[in-house]
Every structure is written in structure tokens, then in C-alpha cells.
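>>> Sequence below, structure please.
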Amino acid sequence: MERSESTRNFWVFWSIWGLIAVGAAARADEPVIGVKEANALLSPAEKRPGSTSFGFTNAGGLTKPASLALKGPGFEVLSHVRGRATHFGTDALVRLISDATAHVAGRFKGSRLSVGNLGFSSGKKIPWSVSHQAGRDADLGMYALDEAGRPLGALPFVRFDAAGEATWHGQRVRFDVARNLALVTFLAEDPARRIQYIFVARWLKDLLLRSASREGVSATVRARLAEVLHQPSDSSPHADHFHIRVFCQIADRTFGCRDRGPRRDWIEMGDEIVDAYVGELGRVLRLPKHEKLVLGAVSRLEAIGVPSASPHLLGALSRPEPKVRKGALSALAATRDPAAALALVESLATIDDPAWLGEVLATAAGLADEAILGPAFALEAAPEKALHPSVKKNRKNAGVARSHIEIFVLNVLGSHGFSVRGRAVKVALGYASSKDKATKTAADAALRLLTCRFPRDRRWDRALDGGTAVGDGRAEDIAVGLRQVSPKLDARVKSRGHVDDLVRLLGHRDAAVRACANRALVDLTGHDADAGSRPPARHKRHWESWWKDNRGSSPLAR
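Purely as a prediction, here's the structure:
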């Protein structure tokens, strides 16, 4: 099976490189690209042999899914899972499960493992396993021993405690370290298996790593296990099953398969192949006429969502077709490329439609990082320099355009201006009394984020003493403002009770309150969890889990 997978990957890679090579040769004879070649580049996933995973694991999909047999060499799907029809995944995932369980059964005769959810055949949401939506996740049971130390068969998911013990049908059972180690070692040792995570409770991970050291597992594989074995901090600890997640297949990435989270340095991610394919799609964007093909390339670039697509999409913004321009702007947002934000701001003077200027600035704000602060301050100081001559001549259009610029400036200052808080607050205060309702709302939001103050009367000049009472942004200062929202907030900022109160505020309906509570938590504990990487509810669960594990052992950072 491993040889057939390697063979398949070989031909997939060569088919992609073949298209790229044809395109490179064609460039010598034609300025853009041929229609036939463009159609080949945009061939849909449904025409590929085998499965294709696309999107992120918690919001993706699957075409031509592989079905895991309900029983196979060393495994069986749990009875209640069979009724759900959630035993579908990518070809690679289904083969991996079969190979891994067969490997353990070969080493430990008669071993059988329970298999839980993979996903629906379509990759749609499943209520039992939120992230299993793209065919790259699977729940595997754990091998166990009975009270006499004899191997048990395919055991339903039972929760093992810190001693590696559980109760099943009234009897005590033990986590079978030897067989479970054989399973996870098989998964992690070969880079071709593309394991990103094996989610498991921390105490079971410790048992496995200690056993790996005793059993002479190589230092390389032990290091890999230390990375991929991971207790999630925003869901259950996974003490009753392993949740495995594999990276996208390289070929699938060209159809929009997206990975999130850490890469593993021993796994080839295929960036060069993806970037080369993106370059070929960029040639399609320069194809004269043929709007349908161009839109297809834009859609594929949006699905792929890599920074290397930005230059091609920025170029497509100058095409005459409105649908192409709108699609290219949406695709730019998917690249998450801060450099594109700077390029969009630099292009403002070429835009003669104030409504389109507003859309461009909204996209730029979503892509921006701290590098945007300089251009934002420059825009605020001299907005007329960013306006197209025809927009300047029309008083109404000029007013609309300036409003869009003001909102953009305030949005980026609120999101990225904390490091230059004093200057950013003075700019925002200047717009806090604006007659333009949208600008005033944006100023209010920026000031709440920058100062962590929440005056009920919105009298910002008085609340901040004209901008001189900005605060130092440390936990004590943030707590002063948060007490305006939550008067019961523990006044003893350095206390553990204060951390509990701040964690509760991560569930507040106001995004600014959540952001300020998170900022105070980072300052107090030194634990910097990326608030933007999770939805608010999951971010709150992360902090609850982290603080539960660390409140007794880690002093508050000061």
C-alpha cells in the first residue's frame, strides 16, 4: 500500500509539474496563455482520480471520498458510528488507518482497535466532531489491558485517568502503553504519512514518551512524538481516544486544501509546487477576454489562499470586468498577505469610484499588520493626496471618499496601534465628535481598543483628559477600565482570583472587552495565546484549560 501511495504521489506531482512546464514553454511563444492550457489548469477536482480535500479541517469539504471498511485488519468501526455514516475520509487517511492498525496487529497478534468518527462523505459539519469536515481527521480508540494484564479487543472509548486506568463494565482496565506506543510511533515515524497532530491527554502523552525512551525508540522519532502528541486546550483533553489529523496532500493544496497550525520540519509541504501553480494561474488572469476562465482562476486562487497569489490578484484589479475586480479583491483577503494591504493603500489615487475605494480600504484593513501604521498616519494627515483627481472635483464623492479613509485609519489604529497608543489615541479623539455617524462609531471602537476604557456617556475627551490620560496598558491599568464593564472585577490585580475574573470576561459580548481582558491576561501570566486564531468561545475554553493546569504551579508574571 505504501508503494502504491508513493507511486500515486509521483504521478500527481509530475502531472502538476507537467502543466507548469508546458506553461513555461508556452510563454516563449505567446504573451499570456492558451485557452486549452488555461482549461487544463482549472480542471475541477471531480475529474481527478481519487479523493480531494479542500478548505480548513473545521470548514472544508471532500470530493470522491474514500470509505473506511466497517471491519478491517486490526480495526472495527464502533457500532454507533456506523449508523452515523461518518466513516469517510481522504484516500490517504483511510489507508493510514488500515496500515497503522494492521501494523500493530502484526506486532501484537490479535490486536483490534475501535475507530470512531472520520467524517461525512461530503465533508459537511458533523455535530459529534466539529473539526472533521475535510476528510483529514479521525478518532481512534486506545488499546487496553484487563486487570490481569491481558490484551483487550476493540474497546469502546473509555476515559483513562492520570494513572492510565479506567473503568469499563465494572472492571478496571489499563492503558496498554506498548500497543499504543506502537500505533503512534507508526503514525509519526514516516514523513509520507503527513501527521500534523495526534491529540491526546497530557498524562497519556507522558506515559508514551517515557515508554518510548525505555524501549529505545530513536531520538528523531521521540522528538517528533513530542511535537505531534498534543492535548488540545480548547476542547476535551482526549483521554479516551486519539484524534489524528494529517496535513493536506500537496496536490490537494492546488485545489484549495488549507492547513492551520504548526508545520512539522520533517514533512515536505510542497510550497514550491503550489507557488509555481499559482504563477500559472496568474497567467490566466492576464488572458484577454474569456471572463469565465479568468473568474475560474480568481476563484482557485482564493481557495488556495497563499501570499504568492497577491501580485497576480493586485494586477487583476485593473481588469475591465467588474466581476473579476470584485472577485480579485475577495481573493486578496484570503491570502492574509500584509504586503497586499500596503499595495492597496498605494493604489488609492488611481480609483475614481468612492464606493470601490471603500471596498478596497476595507480589504486592506483586514490584511494589515503594524507595517500599515505609517501609511495610516500619512493618510490621516493628508487624505486629499490619496484621492483621484475626478473624485476631488466632485464635492459629494470627495466627502464619501474621505469618510472611507477616516474609517480605515481608525480601524487599523484600533487593531494595530497599541504600540503607539498615545499618538493613535490623539488621532482617534479628533474624530470622536465627528458629525459622520460611521466615522464617530469607528472612533469610539478604536478608543475602546486602544485605552481599554468604556465610558457610558462616550465623552472621550473628558474620560481621557484630552488624550493625556491614556494609561500604560499594563494589567492594572486595563483593570481600571474593565471595572466600568464588570464592577465586581477583583481589585487585587496580581491575585489568582483576578485571572479567573478576566477569563470570564473573554466570553463578553463586546469584542473590545474580550480584547482588553486577553491583553491583561497575557501581561499577568506571560502566556500569550493568539486570540485571533480561535472563535471567542474556543479562546475562552483555551484559557480556562490553561489556567486550570497552571494556576497552582506558575507564578503570575510581573
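>>> residues near residue 467, how many?
18 (other CB atoms under 10 Å). Every C-beta, even on glycine, is put in place using the N, C-alpha and C of the backbone.
>>> Residue 367 too?
For residue 367, using other CB under 10 Å, the count is 21.
>>> What pLDDT is listed against the residue nearest to residue 75 when sequence neighbours are not counted?
Excluding its sequence neighbours, the residue lying closest to residue 75 (CB to CB, 6 or more residues apart in numbering) is residue 101, at 4.0 Å. Looking at residue 101, its pLDDT stands at 97.
>>> which residues sit against the helix or strand hosting residue 101?
According to DSSP states H and E, residue 101 maps onto helix 91-107. With contact meaning CB atoms under 8 Å, 6 or more residues apart in numbering, helix 91-107 is reached by 1-2, 5, 50-51, 66-69, 72-75, 111-113, 115, 118, 135-138, 140, 143, 179, 182-183, 186-187, 193-194, 244, 246, 249.
>>> Contacts only, for residue 447.
Counting by CB under 8 Å, 6+ apart, residue 447 has contacts 414, 425, 428-429, 432, 453, 460, 464.
>>> again, 6 Å this time
Residue 447 is in contact with 428, 460, counting by CB atoms under 6 Å, 6 or more residues apart in numbering.
>>> sec struct for it, please.
Put simply, residue 447 is helix when judged by DSSP: H, G, I helix; E, B strand; the rest coil.
>>> what ranges do the strands span in the chain?
In the chain, the strands defined using DSSP state E lie at 52-54, 61-63, 66-67, 71-72, 75-77, 88-89, 113-115, 137-140, 144-145, 165-168, 171-175, 195-199, 229-230, 242-246.
>>> For the fourth one, what does the pLDDT average out to?
Translated: strand 71-72. The pLDDT scores in strand 71-72 average 94.
>>> Other residues contacting that strand?
Here strand 71-72 makes contact (CB under 6 Å, 6+ apart) with residue 98.
>>> Work out the sheet partners of it and label each with its direction, please.
Its sheet considered, strand 71-72 pairs with strand 75-77 (antiparallel) by DSSP bridges.
>>> Contacts for the strand it pairs with, please.
Outside strand 75-77, the residues that touch it by CB under 6 Å, 6+ apart are 70, 87, 101, 113, 115, 154.
>>> Can you verify my assumption that residue 173 contacts residue 164?
No. Look at residue 173 against residue 164 with CB atoms under 6 Å: they stay out of range, at 9.6 Å.
>>> Helices along the stretch 451-558 of the chain, start to end?
With helices called from DSSP state H, counting those that start in this stretch, the stretch 451-558 of the chain shows them at 460-463, 475-482, 496-505, 511-525, 536-550.
>>> Contacts for the first one next, please.
Outside of helix 460-463, the residues within contact range by CB under 6 Å, 6+ apart are 429, 432, 447, 453, 455.
>>> do you know how far the nearest residue to the fourth one once chain neighbours are set aside is from residue 449?
If the residues on either side of it in the chain are set aside, residue 453 comes closest to residue 481, at 4.2 Å by CB to CB, 6+ apart. The gap separating residue 481 from residue 449 is 11 Å, by CB to CB, to the nearest Å.
>>> who's more crowded, those two?
The neighbour count for residue 481 versus residue 449, taken as other CB under 10 Å, is higher for residue 449 (24 against 21).
>>> Would you agree the more buried one is in contact with residue 512?
Yes. Counting by CB under 6 Å, residue 449 touches residue 512, with 5.2 Å between them.
>>> re earlier: most surrounded residue in the contacts of helix 460-463?
residue 447 (29 neighbours).
>>> and the gap between that residue and residue 481?
11 Å.
>>> Ok, residue 382 next?
32 Å.
>>> go on, residue 193?
Distance check for residue 193 against residue 481: by CB to CB, it reads 49 Å.
>>> tell me the pLDDT at residue 29?
As predicted, residue 29 sits at a pLDDT of 43.
>>> Other residues contacting stretch 308-317?
Stretch 308-317 has contacts (CB under 6 Å, 6+ apart) with 275, 278, 282, 285, 301, 324-325, 328, 331-332, 335, 337, 340, 343.
>>> at 8 Å what do you get?
With contacts defined as CB under 8 Å, 6+ apart, stretch 308-317 is touched by 274-275, 278-279, 281-282, 285-286, 294, 298, 301, 324-325, 327-329, 331-332, 335, 337, 339-340, 343-344, 347, 360.
>>> Centre of the chain to that stretch, how far?
Remark: stretch 308-317 is offset 22 Å from the chain centroid, using CA atoms, centre = their mean, to the nearest Å.
>>> next one: stretch 447-457
Computed by CA atoms, centre = their mean, the chain-centroid distance of stretch 447-457 equals 29 Å.
>>> Could you give the separation between the terminal residues of that stretch?
Start to finish, the residues bounding stretch 447-457 are 13 Å apart (CA to CA, to the nearest Å).
>>> Could you do stretch 125-143 as well?
Counting by CA to CA, you get 28 Å between the two ends of stretch 125-143.
>>> Buried residues, that stretch. List them.
Neighbour-count burial for stretch 125-143 flags 126, 129, 131-143 (criterion: 16 or more other CB atoms under 10 Å).
>>> Among the residues you listed, find me the one that's closest to residue 527.
Comparing the buried residues of stretch 125-143 against residue 527 with CB to CB places residue 131 closest, at 23.0 Å.
>>> Identify the residues contacting the closest one.
57-58, 137, 245.
>>> again, 7 Å this time
Residue 131 makes contact with 57-58, 137 under the criterion CB atoms under 7 Å, 6 or more residues apart in numbering.
>>> From residue 49, how far off is it?
According to CB to CB, residue 131 and residue 49 sit 27 Å apart.
>>> With residue 524 instead?
From residue 524 to residue 49 the distance is 54 Å (CB to CB).
>>> When those two are compared, which one has more neighbours?
Using other CB under 10 Å as the criterion, residue 524 and residue 49 rank with residue 524 on top: 23 against 10.
>>> my read: that one touches residue 475, true?
Yes. Here residue 524 reaches residue 475: they are 4.8 Å apart, a contact under CB atoms under 7 Å.
>>> Give the ranges of residues in the stretch 301-450 of the chain that sit below the confidence cut-off.
The stretch 301-450 of the chain contains no residues with pLDDT under 70.
>>> Try it again at 90.
433 (pLDDT under 90).
>>> follow-up on the earlier one: starting at the chain centroid, how far to the helix holding residue 101?
Chain-centre distance of helix 91-107: 28 Å, with CA atoms, centre = their mean.
>>> what's the angle between that helix and strand 195-199?
60 degrees (axes from the mean of the first three to the mean of the last three CA atoms, to 10 degrees).
>>> can you give me the angle helix 91-107 makes with strand 242-246?
Helix 91-107 and strand 242-246 are oriented at 130 degrees to each other (the same axes, to 10 degrees).
>>> Give the residue farthest from the middle of this protein.
residue 148 (45.0 Å; CA atoms, centre = their mean).
>>> Distance of that residue relative to residue 174?
From residue 148 to residue 174 the distance is 10 Å (CB to CB).
>>> looking at the protein, which helix or strand is least sure?
Taking mean pLDDT, DSSP states H and E as the measure, the chain has helix 2-27 as its least confident helix or strand, at a mean of 43.
>>> got the phi/psi numbers for residue 265?
Residue 265 adopts backbone torsions of phi -70, psi -10, taken as degrees, to the nearest 10.
>>> ok, residue 89 - contacts?
65-66, 68, 118-119, 135-136, 138.
>>> Recalculate using a threshold of 10 Å.
Counting by CB atoms under 10 Å, 6 or more residues apart in numbering, residue 89 touches 51, 53, 62, 65-68, 95-97, 117-121, 123, 132, 134-138, 246.
>>> how close does residue 297 sit to residue 284?
Taking CB to CB, one finds residue 297 at 4 Å from residue 284.
>>> With residue 69 instead?
When distance is defined by CB to CB, residue 69 is 41 Å away from residue 284.
>>> my read: residue 137 touches residue 241, true?
No. In this structure residue 137 lies outside contact range of residue 241 using CB atoms under 10 Å: 11.8 Å.
>>> Now for these two: what residues contact both?
Common neighbours of residue 137 and residue 241 (CB under 10 Å, 6+ apart) are 117, 199.
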